[in-house]
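[1] structure for the following, please:
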Amino acid sequence: AFFTTIESFTDTLLYWIPFYFAFKMAFLLWAMLPQTKGAKFLYDKVLEDFLKKNESRIDAALEDARRNASTIAVELSAASAELSAASLSQAAEFATQRSISNLSKSVISAKEEDTSDKEEVKEGASTGKKDD
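    Purely as a prediction, here's the structure:
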């Protein structure tokens, strides 16, 4: 992970270093192979002293990150709930307007049919024809 992070920023520079990828592979093999115990060597000689010296600062930073993550999660869920409520309200309003529009079209259509039926009856009455 360390190499991936560093490489993402310095990829164009590292590309020009001869045998960089061969050295990287050799280092990673040295660090990972149980026969060489490279990772243990690095921890014992470099990381252990650093971690012990900065333990309180690291713990404080982790606690702060945990609190911030909790706060962000609460704020995100509240914002999500508000957005969902607003979207649901808009959807309900749209559906209501659509229903009213469809209902008014149905009423107008029914009135037009009723009017045309009455006109047909009047025309039939005036000509003396009956519908069979």
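[2] switch to C-alpha atoms for all contacts and neighbour counts from now on
    Noted.
[3] ranges for the helices of the chain?
    Using DSSP state H, the helices of the chain run over 2-14, 20-32, 38-42, 48-53, 55-127.
[4] worst average pLDDT in these?
    Among these, helix 55-127 carries the lowest mean pLDDT, at a mean of 77.
[5] and for the spatially closest residue to Tyr20 that is not a sequence neighbour, the neighbour number?
    Nearest non-adjacent residue to Tyr20, counting by Cα to Cα, 6 or more residues apart in numbering: Leu14, 6.8 Å away. A count of nearby residues for Leu14, using other Cα atoms under 10 Å, gives 14.
[6] now Leu14: how far from Ala86?
    For Leu14, the distance to Ala86 (Cα to Cα, to the nearest Å) stands at 50 Å.
[7] counting neighbours, what do you get for Arg57?
    Arg57 has 11 nearby residues by other Cα under 10 Å.
[8] next: Thr5.
    Residues within reach of Thr5, counting by other Cα under 10 Å, total 10.
[9] now do it against Ala91, distance only.
    Note on Thr5: its distance to Ala91, by Cα to Cα, is 45 Å.
[10] which residues touch Met15?
    Met isn't right for residue 15; it's Tyr. Applying Cα atoms under 8 Å, 6 or more residues apart in numbering, one finds that Tyr15 lies in contact with no residue.
[11] now it: how far from Phe21?
    Relative to Phe21, and taking Cα to Cα, Tyr15 is found at 9 Å.
[12] quickly note the distance from Lys24 to Phe2.
    Per Cα to Cα, Lys24 is found 12 Å from Phe2.
[13] and if you look at Ile58?
    18 Å.
[14] which of those two has more residues huddled nearby?
    Ile58 (13 against 6).
[15] so what touches stretch 22-38?
    Residues from elsewhere that reach stretch 22-38 (Cα under 8 Å, 6+ apart): Ala39.
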